[in-house]
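In: with the sequence up front, the predicted model follows.
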Amino acid sequence: LAKTTQPISMDSYEGQEVNITCSHNNIATNDYITWYQQFPSQGPRFIIQGYKTKVTNEVASLFIPADRKSSTLSLPRVSLSDTAVYYCLVGDEGAGNMLTFGGGTRLMVKP
Amino acid sequence: EAQVTQNPRYLITVTGKKLTVTCSQNMNHEYMSWYRQDPGLGLRQIYYSMNVEVTDKGDVPEGYKVSRKEKRNFPLILESPSPNQTSLYFCASKTSGTPYNEQFFGPGTRLTVL
């Protein structure tokens, strides 16, 4: 399984763009990169997923370089409600493997 | 409404008293999974199931059992709970057969074992 490494915490201010980077040096060919958001006492919520290059949805963008050994979740113009823990996962569901959450990054958005 | 439900949401029990936490999903998902979350340790997978009658161990399976007799249900069984199983538990499900990894999580079950 590809292990992921993320910063433990980050601070930002409302209106700023936040970039959270995840390192996954031993990512396998069939692995996808998925990001989840979790608020206290709630289950994680899917944000975005990608395989390579750039993916964008209404919530975030995901940048994946050509070597795929890292990925960056970009949250544009964060608000106080974006304060949460963000998890990066790497895995190939099709292989029947377990999906492992790392420690996550605790993002604090300040007014 | 598409959802994953867990029951009970809160449970206080004593060491050794068998308990079951139920999980049900109405999205016809093949894949279901159980996680526990502890402060400073993030989410750790206990067991997962790729489909009916197919289950596999996750990171921390010791002290837990699961069964998958029906597609929609995936109960977590603690035969003899111990205080170190005090935790917040989440059930999740997702579709299978594609690389798409979006899991849908239940609201969580907070378990305290005295």
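Out: Cool, got the structure.
In: please report phi then psi for A:Leu80.
Out: Torsion angles at A:Leu80 (phi, psi; degrees, to the nearest 10) stand at phi -60, psi -30.
In: B:Leu88 now?
Out: Dihedral angles for B:Leu88 - degrees, to the nearest 10 - are phi -100, psi 120.
In: could you do the one 3 residues further on as well?
Out: Its backbone dihedrals place B:Cys91 at phi -100, psi 150, with angles given as degrees, to the nearest 10.
In: secondary structure element holding residue 36?
Out: With no chain named, the answer covers chain A. Here A:Tyr36 sits within strand A:32-38, counting by DSSP states H and E.
In: meant chain B actually
Out: strand B:31-38.
In: report pLDDT for the residue in chain B that chain A sits nearest to.
Out: Residue nearest to chain A within chain B (C-beta to the nearest C-beta): B:Phe105, separated by 2.7 Å. Any C-beta I mention is one placed from the backbone N, CA and C, and that applies to glycine too. On the pLDDT scale, B:Phe105 is placed at 94.
In: not counting its neighbours along the chain, what's nearest it?
Out: Nearest residue to B:Phe105 in three dimensions, chain neighbours excluded: A:Gly43, at 2.7 Å (C-beta to C-beta, 6 or more residues apart in numbering or on different chains).
In: which ones are touching A:Gly102?
Out: A:Lys3, A:Thr4, A:Thr5, A:Gln6, A:Cys22, A:Tyr87, A:Cys88, A:Leu89, B:Gly42 (C-beta atoms under 8 Å, 6 or more residues apart in numbering or on different chains).
In: mind redoing it with 10 Å?
Out: Counting by C-beta atoms under 10 Å, 6 or more residues apart in numbering or on different chains, A:Gly102 touches A:3-6, A:22-24, A:87-90, B:42-43.
In: which strands and helices lie in contact with the strand holding A:Tyr36?
Out: Strand A:32-38 makes packing contacts with strand A:18-23, strand A:45-50, strand A:61-64, strand A:70-75, strand A:84-91, strand A:105-110, strand B:42-51 when contacts are defined by 3 or more C-beta pairs under 10 Å, 6 or more residues apart in numbering or on different chains; DSSP states H and E.
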